[in-house]
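>>> using only what follows, build the 3D model:
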Amino acid sequence: MNTDVDTRPSSQREARGLIEISVPAAPLRTRARHAVPPRSVAARRDALLGAILVLGDLLTVGAVYALALTPRVERSVLRHLSLHAGSARDVYVTLPIWIGVLACCGLYWRSRRIHLELRRLVEAVSFSLAAVVVVVLVMDIDVTAGWVAVVWCTCVPTLALWRIGASKVIRRLNAAGVTGRRVLVVGVDAESRALVRTLTRQPWRGYAVAGFVDVPGGGFGGTIDGHPVWSSLDLIADAVRENDAGAVIVAATVTAENLIAVQRALQPLDVDVILSPGLSDMDASRVALARIDGLTLLALRRHRLGRRNAAVKRALDICGSALLMVAAAPLMGAIALAIRRTSPGPVMFVQERVGREGRPFRMYKFRSMVVGAEALLAEVGSANQADGILFKLRDDPRVHPLGRTLRSLGLDELPQLLNVLRGDMSLVGPRPALPSETEHYDARLHARLLVRPGVTGLWQVNGRHELAFDDYVRYDLFYVANWSLRMDLSILARTLPALLSRHGAH
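Below is the predicted model:
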């Protein structure tokens, strides 16, 4: 698209499909403060949810037992998978064993945060069945090895499905303020503020930020990002009581001496203390605890995107983008026709972006703005509602009506699949940057250019346009440092629900 400045009079500009810019005076809307119930009410609801989870596990395993107890067939291979009628009744006495083992494996830590890690669930099912086998041997219950195998193979997927469904319900309860708890954050640095932004943007985690607590020497007061600040660690116990907080998160920048002071002040109170290691660019799967003579160390597993992994990622890009282009061809044709009929000007918008290793490329999108929108940027630049080096304007007057719908659903980005096929972009990666942005990059931000930019990424599924610039950077650097095929597939699976929900869309 031609981006030269149009100097024609307003009447001629309107004839070409341009518009007069009227900058909205309203500021960017902020998310309403997330409300949670009082701690006493939340505790009762958590206990109820925990009881429901235990009952659901019992019913799930009981259903597996019932499905595995097929009528005995004497002259068939199925006889190795079935039980005698007496054994079919007696084996149900082992159901409580499952609850005890699942609890020991940490699957009932907190009802609002159900652990769904597949490896841990497989271990719990295996330990439970091992304990069941020991009990049935002691009680002389006649079970077959085939029955044990059937129960194991059936319990893993059924328990996983039940717990996934339960976790979705609990997330909805947290987001609605039915469950959850208030939390105080110790520290007022960039890490603390990033954490607060995430918790505010994702209420389904069940944390409502009550405010910050400054460490000695900071001297902060008033509010930060709309949250009150207690100016000393000496006030942390009072802040917990005043806000009925159930947890305190301590930022990594807090010294060991101050951490001890926090623990001492909170010792009489029933409140959880959560420590941030400050490893914002490191995935938890790469970090392991090590203990040496009473000292706790963090061991970091080495990670790099080698040639083999890069080849796998490129193969996924080629196959995925080709299939998506074929499937979306009718939709893309309809969008192109609709743009042509509703907004004068070209269908495609072509813009220079910066790719891997700083190489520029031409990125394709469906045109969602009026012709000459880039030349009109100066007229709306003063209304920029983004921080950092980004430009962001809710209800941008340069966006035509159809373009607003395309943007909210991410359909304007479908032509970027062609960039993926050409090798300029990847299906998943950092947000493609403008040359004007990369001019301001420091050594840390240049790490974003180590991989191809993506059509989608962590920034897309974690808030889109609601993100602050620091959050964009944090998500992109995290992706670059921790890439895995599993992460790519997870992001791709989360992209469509994120677009359909229109969360963070402008």
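>>> so residue 355 sits against residue 425, correct?
Yes - here residue 355 reaches residue 425: they are 7.0 Å apart, a contact under CB atoms under 8 Å. Any C-beta I mention is one placed from the backbone N, CA and C, and that applies to glycine too.
>>> who touches both of these two?
361, 432, 452, 453 (CB atoms under 8 Å, 6 or more residues apart in numbering).
>>> of these, which belong to strands?
residue 361 (DSSP state E).
>>> circling back: residue 355 and residue 425: which is more packed in?
residue 425 (26 against 21; other CB atoms under 10 Å).
>>> which residues are in contact with the closest residue to that one other than its chain neighbours?
Of all residues not flanking residue 425 in the chain, residue 419 sits nearest, at 4.2 Å (CB to CB, 6 or more residues apart in numbering). With contact taken as CB under 8 Å, 6+ apart, residue 419 is in contact with 361, 363, 364, 425, 455.
>>> roughly how far does residue 362 sit from residue 418?
From residue 362 across to residue 418, the span is 10 Å (CB to CB, to the nearest Å).
>>> sorry, wrong one. I was asking about residue 91.
From residue 91 to residue 418 the distance is 59 Å (CB to CB).
>>> compare these two (neighbour count), which wins?
Taking neighbours as other CB under 10 Å, residue 91 and residue 418 compare with residue 91 leading, 22 against 15.
>>> would you indicate which residues of the helix or strand harbouring residue 40 are buried?
According to DSSP states H and E, residue 40 maps onto helix 39-68. Buried residues in helix 39-68, counted by 16 or more other CB atoms under 10 Å: 39, 42, 45-46, 49, 53-54, 57, 60-61, 64-65, 68.
>>> cool, stretch 239-251 as well?
Neighbour-count burial for stretch 239-251 [16+ other CB under 10 Å]: 239, 240, 243, 245, 246, 247, 248, 249, 250, 251.
>>> got the end-to-end distance for it?
Terminal residues of stretch 239-251 are spaced 17 Å apart (CA to CA, to the nearest Å).
>>> low-confidence ranges, the stretch 251-400 of the chain, go.
Applying pLDDT under 70 to the stretch 251-400 of the chain flags the ranges 280-281, 302-304, 372-397.
>>> what ranges do the strands span in it?
Using DSSP state E, counting those that start in this stretch, the strands of the stretch 251-400 of the chain run over 272-275, 287-292, 295-300, 348-354, 360-366.
>>> so which of these comes closest to residue 405?
strand 360-366 (11.0 Å; CB to CB).
>>> with just CA atoms, put the closest one into PDB.
Written as PDB, here are the backbone C-alpha positions of strand 360-366 (Å, rounded to 0.1, in the frame of the first residue of the first chain):
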ATOM      1  CA  PRO A 360      13.700  -6.700   6.700                       C
ATOM      2  CA  PHE A 361      10.800  -8.300   4.900                       C
ATOM      3  CA  ARG A 362       7.400  -7.300   3.500                       C
ATOM      4  CA  MET A 363       4.500  -8.400   5.700                       C
ATOM      5  CA  TYR A 364       1.100  -8.900   4.200                       C
ATOM      6  CA  LYS A 365      -2.300  -8.200   5.900                       C
ATOM      7  CA  PHE A 366      -5.800  -7.500   4.800                       C
END
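>>> where exactly do the strands run in the stretch 51-200 of the chain?
Going by DSSP E, counting those that start in this stretch, the stretch 51-200 of the chain shows strands at 181-186.
>>> I'd like to know how far the nearest residue to residue 252 once chain neighbours are set aside sits from residue 103.
Leaving aside its chain neighbours, residue 252 sits nearest to residue 278 (2.6 Å; criterion: CB to CB, 6+ apart). As judged by CB to CB, residue 278 and residue 103 stand 31 Å apart.
>>> try residue 268
28 Å.
>>> okay, the two: which has more neighbours?
Neighbour count, other CB under 10 Å: between residue 268 and residue 103, residue 103 has more, with 14 against 8.
>>> pLDDT value on that one, please?
Predicted confidence (pLDDT) for residue 103: 87.
>>> now do residue 238
89.
>>> do residue 40 as well
The predicted local confidence for residue 40 is 88.
>>> cool, the one 4 residues further on as well?
What the model reports for residue 44 is a pLDDT of 90.
>>> residue 66 now?
Note for residue 66: predicted pLDDT of 80.
>>> how close does it get to residue 287?
Residue 66 is 42 Å from residue 287, by CB to CB.
>>> repeat for residue 341
Applying CB to CB to residue 341 and residue 287 gives a distance of 54 Å.
>>> ok, the two, which is more surrounded?
Set residue 341 next to residue 287 and count neighbours by other CB under 10 Å: residue 287 wins out with 13 against 9.
>>> who's the more buried one bridged to?
residue 300 (DSSP bridges).
>>> would you agree it is in contact with residue 297?
No - look at residue 287 against residue 297 with CB under 8 Å: they stay out of range, at 10.5 Å.
>>> residue contacts, residue 223?
Per CB under 8 Å, 6+ apart, neighbours of residue 223: residue 229.
>>> and it, its phi and psi?
phi -130, psi 160 (degrees, to the nearest 10).
>>> do the same with the one 10 residues further on
Note on residue 233: backbone dihedrals following degrees, to the nearest 10 are phi -70, psi -20.
>>> contacting residues for residue 222?
228, 229.
>>> ok, residue 105 next?
Here residue 105 is in contact with 120, 123, 124, 127 (CB under 8 Å, 6+ apart).
>>> need the nearest residue in space to the last one, chain neighbours excluded.
Taking CB to CB, 6+ apart as the measure, residue 127 lies nearest to residue 101, with 5.0 Å between them; neighbours along the chain are not counted.
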